[in-house]
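>>> any chance you can model this:
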Amino acid sequence: MILDLLRHGETEQGGLRGSLDDALTEKGWVQMSAAVEAGGPWQVLVSSPLQRCARFADALGERLGLSVQREADLRELHFGDWEGRTAAQIMQTQADELGRFWSDPYAYTPPGGEPVGAFAERVVTAMERLTRQHAGKRVLLVTHGGVMRLLLARARGLPREQLLQVEVGHGAMVRLVLNEDGVLSEAD
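Next comes the predicted model:
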């Protein structure tokens, strides 16, 4: 399966969005539109159910004549009490905790948040499901920075501590190849 990952564009609110269901800004729509301009052709279109991904996926699907498969398990990591806050705001009251999260997100969970291990398990399970459903096809997955970081880190063979060092900007698109055994690699 050839898997193109597209991160949603800029959202109306800043900070850690996680499970917050913000809309895209006009700039966010432009970022995503530019990313898909030279992409495709896709046979399958999959999206996170959060509107910052789903609304763009629906518009693209309509334009391309593809239905959109919603995949709830490919939504963003839930950041708990940190959702809606910027790193600078968190640093003011929880600098040590934020540092622990950045240095090894698997070892420290934000207060009230989803453990990264559980997040990784649900994303990997969803990818296994997609691989079974769409083996041999070209798939566009409209998703979030956390999902893309996780999949890119796995494709690159990075240690878990380096998860948050993987750069994924708004509207970024990357291509991965997922073989039948579930092994990810970056496409050339």
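
>>> now do stretch 24-43, average pLDDT.
In this model, stretch 24-43 carries a mean pLDDT of 96.

>>> what are the contacting residues of it?
Contacts to stretch 24-43, defined as C-beta atoms under 8 Å, 6 or more residues apart in numbering, come from residues 4, 6, 8-12, 51-52, 55-56, 60, 64, 66, 134, 137-140, 142, 170-173. (C-beta placed from N, C-alpha, C; glycine too.)

>>> that one spans what distance, first to last residue?
Start and end residues of stretch 24-43 are separated by 25 Å (C-alpha to C-alpha, to the nearest Å).

>>> could you give me the buried positions within it?
24-25, 28-29, 31-32, 35-36, 42 (16 or more other C-beta atoms under 10 Å).

>>> hang on, the earlier thing: so which of the contacts of stretch 24-43 sit within strands?
In this view, the contacts of stretch 24-43 that belong to strands under DSSP state E are 4, 6, 138-140, 142, 173.

>>> coming back round to it: with the buried residues of stretch 24-43 in mind, which one is nearest to Pro159?
Minimum distance to Pro159 across the buried residues of stretch 24-43 is 28.5 Å, recorded for Ala35 (C-beta to C-beta).

>>> what sits closest to the closest one if chain neighbours are left out?
Closest residue in space to Ala35, ignoring its immediate chain neighbours: Met173 at 4.3 Å, by C-beta to C-beta, 6 or more residues apart in numbering.

>>> gap between that neighbour and Thr143?
From Met173 across to Thr143, the span is 11 Å (C-beta to C-beta, to the nearest Å).

>>> what touches both of those two?
5-7.

>>> buried among the residues you listed? Need that as a selection in PyMOL.
To isolate the buried subset of the shared contacts of Met173 and Thr143 in PyMOL, counting by 16+ other C-beta under 10 Å, use the following:
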select buried, resi 5+6+7
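
>>> let me have the shared contacts of Met173 and Thr143 in TSV, extended by pLDDT and distance to Arg70.
Formatted as TSV, the shared contacts of Met173 and Thr143 follow (pLDDT from 0 to 100; distance: C-beta to C-beta, whole Å):
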residue	pLDDT	distance to Arg70
Leu5	97	16
Leu6	98	15
Arg7	98	17
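
>>> perfect, that will be all.
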